Structures are given as structure tokens and as C-alpha cells.
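**Q** Generate coordinates for the sequence data below:
(one chain, ligands or ions: 3)
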Amino acid sequence: MSRVSSEMSAQEMLIAEAFFESSEGRLVTDDQQIIVKVNAAFTTITGYTAQDALGKTPKMLASGQHDGVFFRNLWQGLESNGLWQGEIWNKKKNGDIYPQWLCITEIKNSQQSVSHYTSTFNDLTVLKEADKKIEYLSFYDQLTDLPNHHCLRVRLKKALANCVQNQCKGAILYIGLDHFRLFNKNFGHLQGDKIIKEVAARLSACVREGDTVARLDGDEFAVLMEHLSEDLTVATAQAEEMAQNILLALNKCHQVDHIVYSSTCSIGVNLFESGRMGSSQSALKHADLALLKAKAGGGNEVYFFQPQMESVVAARVVLEASFREAVAKGQFLLHYQPQTEGVGQIIGAEALVRWQHPTLGLVFPAVFIELAEETGLIVRLGQWVLDVACQQLALWSTRPETAHLTMAVNVSAMQFHQTDFVATVLSVLERTGADPFLLKLELTESLFISNLDDVVCKMRTLSNKGIKFSLDDFGVGYSSLLHLKRLPLDELKIDQGFIKEILIHPSDAAIAKMVISLGASMRLTVIAEGVETEQQRDLLALLGCHSFQGYFFSRPLPIDQFEELLLKPTSPCLQ
Ligand code: C2E
Ligand code: MG
Ligand code: MG
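**A** Numbers count the residues shown, from 1 in each chain. Ligands and ions are numbered 1, 2, ... in the order given. Below you'll find the predicted structure:
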């Protein structure tokens, strides 16, 4: 029996020893707090050997970071529970102060009085660093080191609470760089990132102390302004002033390596206040809606949120969803509007797209072209239009009465800027068998804002194959005459805005006259669009324009009606 019990106690000793030698630091003191035992991990963590420590008290580890109250609480906890645990800052042998998680337990003898204390501890440095890193990753943007959207939300919640307490207002500004996607596409993300960093620095320089600048996503930033005046007019003026400063700062040129980039930005502002503040979620959503509105006007604008915007945006969301579905399901068709020459001879048609909506009926481009451009769906839609128009052109060339007709197709800037645009057009021509000499692509002046060399190169390649180019809506855009001279154009199309009141406003007639003589000097055909009356046509003819398109001749028509019109002797087209 006694052999068994002595074997058991040897076994227990072994277990206790193994338990003591863990990766956690351990030390044992007697009831007077004299260290009587430490393990190897104690030395690894603190730098003190057993020899350094034995006979001393744990005070040798003190960092001086805690006051008397802290230790009083520690001892009180220990006495009443027999155990204390918590975070404590201690000092290593080399002087480093570090956080540890410490657990002290009393050991009592058979008389129930304390004979020893054991302490177990972990170095929390690594854990704290990991914690910091995690906090950084989840609350800060790594490219700019600015707070990210999570961080902004947390700070906004505090700001909203502050508004209630301090009876003040605050503002959240959403800032978006206009057309930044185009820059990224042209120069690559590496250069784009440099611009983003520069923008972050400029924004940080604009704000007041205590304001938050955050990077939300891609090219979107936010500024949170707190402690604005309680007076709505003053608070609005404070936010407006900040927004204008930001516009100014960001609109200055950026130099990235050899690239000089100049761009504008748009800003949506939402003022929040106590009482009417709602959640942080809706405060952010309203700023975002205001930004959308600022961008919709073409950018470079500041827009303040107004409640009625929510319904407008909701309607747009619905429209966008059903438009995406329409593109996927191919709910489009083309109408053809005659283009005439002289007294009314039809020389061709302009293909105009329509959306055959399942419940709304026929929807016109004014409703969806902008949406198609914003969502990028214009590329797919434009390709479909080109394909169908070329099929029709090929079909016309098989019949003598239609073989001479030209086909004008509108091409959006985004579509034209696609790297495979030329290849796409050529492959459509090849697939459909349409004659390139009868195809006319209508471009607008917005195309010539950026990458003019690339545009000229693409136009030349297509023009060498016989394709014609018409400059649509001419007179309302940005073209300089210098641009025009470089472009292999065939036709100028006077914008219908000048034709509408050409008989009333002499200035419109003067512009039309100028475009006509400009065309003549550059050997370009000039066509007037939006001709609605005989008088308009006659005046244009008098000014030297002999090609027309407009309701006076015919509205855009479905293909069967267009072909009927070709044969009708009563049509003004055949007068
Ligand atoms: P646009 O290319 O300038 O086309 C002329 C627009 O003027 C057409 O409107 C046409 O119906 C309208 N119009 C023609 N004659 C008259 C007239 O005498 N009076 C009045 N008030 N209007 C007249 P639509 O079909 O609604 O197209 C509007 C715009 O949508 C087009 O202007 C064009 O910019 C765009 N669009 C149409 N189809 C396409 C397409 O397939 N691709 C692209 N990218 N844009 C297209
Ligand atoms: Mg057009
Ligand atoms: Mg036009």
C-alpha cells in the first residue's frame, strides 16, 4: 500500500513538473511573496534567469505603470476570491515594458492559511500587435491610410449622438472624382493609385481639425464635419464653403510621373442634426444620393441632399434593373428616319433605337441612352444596333430600288473608345455583307475630349475601308476647328436646336449659315436635322444646305413603313 502511494506521489510530482514547464510564464512565491520557483518560460518572457529571480519579490518585474489603487484592488480580489486575473504592464530585464495577462492563485495549507501564491502569465505584445493590425485592416484604407467606410460609420454614429447632446449640426460630404475610370483605363491602376493618394493628401489638407476624411471605395471619398452651427443657414454655409474648397483643391492639375492629369470632382452633401437625424445608415445614403445627383449634371458640382431625391433615385434603380433585363432579353428594335437631298429624294436613313418595353410600350432613347452610357451597357446595345442596321443595309443592296440607300448609325463615345471597336465594325461588315461605302457612323463632339490621336487613328482605319463619318449635333459641343481639321470627317450635321427657331432667331440662322460655309470650305456635306416645316427647309436651302432630316419629311419609322414611304408619290420626300 505504502509503495503504491509513494509511486502515485512520484507520478503526481511528474505531472506537476510537466504542468509547471508550460509555454506560459510561471512563478511561485511563498506567503511573504518571496519567489521560490520560476519556470523556463518565465526566463524566455522576462529575460530574468531563475538565479536572478529566486529570493526576490515580483516587484522586480514592476513597470511603474500602475498606481496604488490598482494593486489594492488586486489584493482585495485575491483575498476574497483566492484568485485574481487581469491585464498588467510589467518590465523585462532589458527594460522593455510589455502587457501581460496575469493570473494569481492562492495555495492554502491544511490549516487553510495561505502558504504560497502561483502566478501564470502570457506576453500579450504579439496579440496586441495582431489586434492593432486587425483594427487597422478593418478600419483603415491601406492605400491612403485614411479611415475606411467602417471607421466613418463608427465616427458618424458618435457624431450623431454628439449632435443630440450639444445641439449642433454636422455634415457628411461624399466626394467622387469625375471620369476617373477613364484615367485608370488609359494609364493603368498603378498611376491611378498615385492620383488617389494625392487626392487623399489634398483632402486632408482641406479639412478642419477634428473632421474625418475617409476613403470609401475606388475614387470615392467622404468628409465628416462635426460641430457645425445649430443655425441651418450658417451650417449650410459652413458645409458649402468646405465643399467649394475641396472642389478647388481637387480641380488643380495632378502630375503623376510624366502624366499631367486634370479632372473635376462632384460632391454630395447631407446635413444632419439632432431630432431629425435618423440612422447613420440613412445619413450616408442621403450623401450618396446627393453625389449621384451632382454627377448626373455632368460633374464639377456640389449638391445638397433634398428629401424628394429619394423617389427620383428609387425610380432610376427600377429603370436600371428593367433596362439590364431588356439588354439581356433583346427588347430593342430600330426605326429608320429618311435623310433627303434636294427637294426630297430619299438618299438614306438614320437608324434610331427604340426599347419595346413589355408594359410601357415603345420607349424612346431620351429615357435610356444616358443610363446605357452610365452603366456601360451602351457597348452591347450599340453593337446590336450596328449589327441590325448592317443586316438591313445588306438586304437593301439586293434590291434595285433600295440599293443606293445609305445607313447612318449613332456611335456613343464609350463604344468608340473600346479597344476592339475597329475590329468589331469590320467583323460586322464582313458577317452581314453590308457595303462599307454605304455605312455612315454618326459621332458626337464629346468623343474628341480625350485621346484624340487614338480617335483619329481609328477613324482613318475605318475611313480607308470606305466608311463615312458624320459629326452629329454639331454646334453644341466642344469641337475646336483645330480638332475638325484633323478628323477624317465626311459630314457635319447641324444640331436641331438651331433649326427649331431658325425662322425666329437671326442668331440661329447665322450659326446655321456659318456651319454651312465651314462645311463647304472643308469639303464636307452639311445636313440639317430636325427640319419640321417647308419654310425651314427653304431657308436652309437658301443658305446653301441641301440635305435634310426631320418630321417635315418623315418621322422615324418601322422598316416596313419606311420601305412603303420609298414608293409613296404623296410624301414630301418625293415632291
Ligand atoms: P440624334 O442622333 O441627333 O437623332 C435625332 C433625333 O431627333 C431622333 O430622336 C429623332 O427622332 C429626332 N428628330 C428627327 N427629326 C426631328 C424633328 O423634325 N423634330 C424633332 N423635334 N425631333 C426630330 P430619337 O430617336 O429620340 O433619338 C434621340 C437621340 O438618341 C439621338 O439623337 C441619338 O443621340 C440617340 N440615339 C438614338 N439611337 C441611338 C443608337 O442606336 N445609339 C446611340 N449611341 N445613340 C442613339
Ligand atoms: Mg444621330
Ligand atoms: Mg442629332
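
**Q** Low-confidence bits of the chain, can you list those?
**A** Counting by pLDDT under 70, the ranges of the chain that qualify are 1-8, 274-278, 449, 476-482, 569-575.

**Q** Which segments of it make up each domain?
**A** The chain breaks down by automatic domain parsing into domains covering 3-123, 141-309, 327-569.

**Q** Determine which of those domains approaches ligand 3 most closely.
**A** Among the domains of the chain, the nearest to ligand 3 by CB to the ion is domain 327-569 (4.3 Å). Every C-beta, even on glycine, is put in place using the N, C-alpha and C of the backbone.

**Q** How about the residues of the stretch 251-400 of the chain by ligand 2?
**A** For the stretch 251-400 of the chain, the contact set with ligand 2 under CB under 5 Å from the ion is empty.

**Q** Would you tell me whether the helix or strand hosting Ala510 gets close to ligand 3?
**A** For Ala510, the host element (DSSP states H and E) is helix 506-521. No. Using CB under 5 Å from the ion, helix 506-521 stays clear of ligand 3, with a minimum separation of 13.0 Å.

**Q** Adding mean neighbour count, write the domains of the chain out as JSON lines.
**A** Listed next are those as JSON lines, based on neighbours: other CB atoms under 10 Å:
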{"stretch": "domain 3-123", "mean neighbour count": "14"}
{"stretch": "domain 141-309", "mean neighbour count": "18"}
{"stretch": "domain 327-569", "mean neighbour count": "17"}
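
**Q** Quick check: Leu74 is in a helix.
**A** Yes. Assessed by DSSP: H, G, I helix; E, B strand; the rest coil, Leu74 belongs to a helix.

**Q** Correct me if wrong: it contacts Leu83.
**A** No. Look at Leu74 against Leu83 with CB atoms under 8 Å: they stay out of range, at 10.9 Å.

**Q** Need the overlap of contacts for the two.
**A** Ile104 (CB atoms under 8 Å, 6 or more residues apart in numbering).

**Q** picking that back up, in CSV, list the domains of the chain along with distance to Asp131.
**A** Formatted as CSV, these follow (distance: least, CB to CB, whole Å):
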stretch, distance to Asp131
domain 3-123, 11
domain 141-309, 16
domain 327-569, 41
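
**Q** Between those, which one is closest to Ala321.
**A** Nearest to Ala321, of all those, is domain 327-569, at 10.6 Å by CB to CB.

**Q** contacting residues around Leu386?
**A** 409, 411, 424-425, 428.

**Q** what about it, distance to ligand 2?
**A** Per CB to the ion, to the nearest Å, Leu386 is found 13 Å from ligand 2.

**Q** Check Val213 too.
**A** For Val213 relative to ligand 2 (CB to the ion), the value is 44 Å.

**Q** Enumerate the beta-bridge partners assigned to that residue.
**A** Beta-bridge pairing for Val213 (DSSP bridges): Val223.

**Q** interface residues of the stretch 401-550 of the chain facing ligand 3?
**A** 472-473.

**Q** would you list every one of the strands in the stretch 401-550 of the chain?
**A** Counting by DSSP state E, counting those that start in this stretch, the segments of the stretch 401-550 of the chain that form strands are 406-410, 439-443, 468-474, 491-494, 525-529, 547-549.

**Q** next one: the stretch 1-150 of the chain
**A** Taking DSSP E, counting those that start in this stretch as the criterion, the stretch 1-150 of the chain contains strands spanning 25-30, 35-38, 83-91, 97-108, 114-123.

**Q** what would those strands look like in TSV with distance to ligand 3?
**A** As requested, the strands of the stretch 1-150 of the chain are exported to TSV (distance: least, CB to the ion, whole Å):
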stretch	distance to ligand 3
strand 25-30	81
strand 35-38	88
strand 83-91	72
strand 97-108	71
strand 114-123	74
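
**Q** could I get those strands as JSON lines with distance to Thr419?
**A** Below are those laid out as JSON lines (distance: least, CB to CB, whole Å):
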{"stretch": "strand 25-30", "distance to Thr419": "63"}
{"stretch": "strand 35-38", "distance to Thr419": "70"}
{"stretch": "strand 83-91", "distance to Thr419": "58"}
{"stretch": "strand 97-108", "distance to Thr419": "56"}
{"stretch": "strand 114-123", "distance to Thr419": "56"}
